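*Asks:* Attaching a predicted model along with its sequence, questions to come.
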Amino acid sequence: MTLPLDIATLERLYAASETSPDQVIREVYARIAARGVLPDWITLVDEDAALERARNVPHGPLYGIPFAVKDNIDVEGLPTTCACPAFAYTAERSATVVDLLEQAGAILIGKTNLDQFATGLNGTRSPYGIPASTFDPAYISGGSSSGSAVAVAAGLVSFALGTDTAGSGRVPAAFNNLVGLKPTKGLISTHGVVPACRTQDVVSILALTVADAAKVAAVACRYDEADAYARVAAPPFAVEAAPDNLRVGVPEGPLPFFGDTAYESLYRAAIERVAGLGASIVAIDYAPFAQAASMLYAGPWVAERLAAVEDLADSDPGAIHPVVRGLLLGARDKTAVETFKDFYALAELIRASAREWAKMDLMLLPTAGTTFTIAGMLAEPVTRNTDLGAYTNFVNLMDLAALAVPAGFRQDGIPFGVTLVGPAFSDGMLATIGDALHRTLADAPLGATQTPLSATPQVTAAARKKIAVAVVGAHLSGQPLNGQLVERNAKLIETTHTGAGYSLYALAGTSPPKPGLVFDGIGAGAIEVEIWEMEEGAFGSFVAGIPAPLGIGTVTLADGRSVKGFLCEAHAVQGAEDITAFGGWRAWLGRGAGA
């Protein structure tokens, strides 16, 4: 059997001393030689240099793992071309993400082909040739991370970096039976990446399994002071368990599949498999997302693409691919007034989408509504590229996370994929659900290789820490602020009472009316409380919204347990009515009911 290159298999073989990094690198270069360098690669690392690296590679979490990077990402000493020879320069230092991967033990093999300046979702816009689908050379590979996807799917490397502004890490994943992780903006540094739209760019990860993508993301997601768009308070990447009672949003009404009835059937089958995993399928209005998607190439962000290569566009426009050139130069017609109007329109769409997000935890979409032959793509390059972005273009504009996973094959053998889309920082949760969905496919292969998905391990979710909170007033069941708990998926565990020493007061001048619980050592205690349990992340946002003089402290219950709970600052109960004798807030509110 051909040596599998998924990360889990290489880890196992290295641990058992059944192979070594230099043996793996020799095999990788032999495969590349057999397949040919062009059109999938633009620059290879010298094989002797890669072997020397393999013999001295650090024992990190990616020890001995071969990888590739899209050729708009800098690697020290190698040219960065962006698939435009006239633009090429030799990088003086590597991009931050490349440094992190190499420090973790990964071994760079080379730089891959792309739609020029990362402008396109199809993979046909490069002077270095057209990387084709690994399943049928007549079909497109998807772009702009075309070479990266082909290198992974063909079994030449374990994973590859792409970039994803409009869907460039997701569409090629779908067309090559791969996983495409598009993390939340700012989680992976873009320092050292030639921008397409700098405000919207994301470094993406193309891998054979979700577990492999997650392992790479755990290394790559690091705050970088050098990246002005890095998320300062972003949590580290970690696989997270799915929430209880998972709600999966699916657009109501017909969706465009551009006449591809096979893709439409595969999408419906994917919805059924998600439901089979225990999720609730929720109908949502897709209109605000579709309208945002239409703005990416029609709005001011096309001018942002021009900003990245304006010098070349001015000095040597003929050096730019004709389709790309037409798109970029068309940006000169955009005005500042139009730009701000589009910013306002996008803000309205994001606000409208919030109503849909209140109904769901994630959205399930086709990654693309169809695919095209290379000949068909070249015949209508703009229209068909627009079609490819119908379900991907809105994600970065609306600051969402996304994970593309394989979802079956047409009868002609062409792969289909779906994308899970979630709120910013939901990346870890998407990994768990995406892996489970991927594994519902019987006998699924990894990429275009012969290795079955079933031979690889599932993702492992970190245990979700839950925090119990005692509520005593307006957050009780049926009270005005109880919705703040419900919307965070908090669960009512029990109704009980505080221990002795607690007093309860009706605070003056609060809206809605609120009580204040204080521990003064003399109160009778036995105050009714409800214990609600919520996840750690939800607890943080809940606490952040609590106004003074209330806060969260430690409350001792009648049975001696201690939990987090609402307490009041002592100064706020001066002159307030002592209602301890009623035994709880609800009893005090109903004090006149039996009179």
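*Replies:* Yes, it's here.
*Asks:* all contacts plus neighbour counts: C-alpha atoms, from now on.
*Replies:* OK.
*Asks:* And the helices in the stretch 401-550 of the chain, which stretches?
*Replies:* 427-438, 483-486, 536-544 (DSSP state H, counting those that start in this stretch).
*Asks:* Over to the stretch 1-150 of the chain?
*Replies:* 7-15, 21-35, 47-55, 96-103, 146-153.
*Asks:* Same question for the stretch 201-350 of the chain.
*Replies:* Using DSSP H, counting those that start in this stretch, helices in the stretch 201-350 of the chain cover 210-220, 261-276, 287-298, 301-308, 310-315, 322-329, 336-357.
*Asks:* Do me a favour and average the pLDDT over the first one.
*Replies:* It stands for helix 210-220. On average, the pLDDT along helix 210-220 is 98.
*Asks:* now the fifth one
*Replies:* When pLDDT is averaged along helix 310-315, the result is 92.
*Asks:* can you list contacts of it?
*Replies:* Phe87, Leu306, Ala319, Ile320, Arg325, Leu329 (CA atoms under 8 Å, 6 or more residues apart in numbering).
*Asks:* go again using 6 Å as the cut-off
*Replies:* Residues from elsewhere that reach helix 310-315 (CA atoms under 6 Å, 6 or more residues apart in numbering): none.
*Asks:* Make 387 the first number, not 1, from now on.
*Replies:* Sure, I'll start counting at 387 from here, so that last one is helix 696-701.
*Asks:* quick one: buried residues of it?
*Replies:* Across helix 696-701, burial judged by 16 or more other CA atoms under 10 Å covers Glu696, Ala699.
*Asks:* Would you mind writing the CA trace of it as PDB?
*Replies:* Provided in PDB are the C-alpha atoms of helix 696-701 (Å, rounded to 0.1, in the frame of the first residue of the first chain):
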ATOM      1  CA  GLU A 696      -1.500  49.200  -7.900                       C
ATOM      2  CA  ASP A 697       2.200  49.900  -8.800                       C
ATOM      3  CA  LEU A 698       2.300  47.000 -11.300                       C
ATOM      4  CA  ALA A 699      -1.200  47.800 -12.600                       C
ATOM      5  CA  ASP A 700       0.100  51.300 -13.400                       C
ATOM      6  CA  SER A 701       3.500  50.500 -14.800                       C
END
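*Asks:* circling back to that earlier point, can you put the helices of the stretch 587-736 of the chain in JSON lines and add distance to Asp485?
*Replies:* Output for these, formatted as JSON lines (distance: least, CA to CA, whole Å):
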{"stretch": "helix 596-606", "distance to Asp485": "9"}
{"stretch": "helix 647-662", "distance to Asp485": "37"}
{"stretch": "helix 673-684", "distance to Asp485": "31"}
{"stretch": "helix 687-694", "distance to Asp485": "23"}
{"stretch": "helix 696-701", "distance to Asp485": "28"}
{"stretch": "helix 708-715", "distance to Asp485": "30"}
{"stretch": "helix 722-743", "distance to Asp485": "35"}
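*Asks:* okay, stretch 595-608 in PDB with CA atoms only?
*Replies:* The C-alpha trace of stretch 595-608 is given here as PDB (Å, rounded to 0.1, in the frame of the first residue of the first chain):
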ATOM      1  CA  THR A 595      -9.200  15.200   7.600                       C
ATOM      2  CA  VAL A 596     -10.700  17.600  10.100                       C
ATOM      3  CA  ALA A 597      -8.300  16.200  12.800                       C
ATOM      4  CA  ASP A 598      -5.300  17.100  10.600                       C
ATOM      5  CA  ALA A 599      -6.600  20.600   9.900                       C
ATOM      6  CA  ALA A 600      -7.300  21.100  13.700                       C
ATOM      7  CA  LYS A 601      -3.800  19.900  14.600                       C
ATOM      8  CA  VAL A 602      -2.300  22.500  12.200                       C
ATOM      9  CA  ALA A 603      -4.600  25.200  13.400                       C
ATOM     10  CA  ALA A 604      -3.500  24.600  17.000                       C
ATOM     11  CA  VAL A 605       0.000  25.600  15.900                       C
ATOM     12  CA  ALA A 606      -0.900  28.300  13.400                       C
ATOM     13  CA  CYS A 607      -3.400  30.300  15.400                       C
ATOM     14  CA  ARG A 608      -1.200  32.600  17.400                       C
END
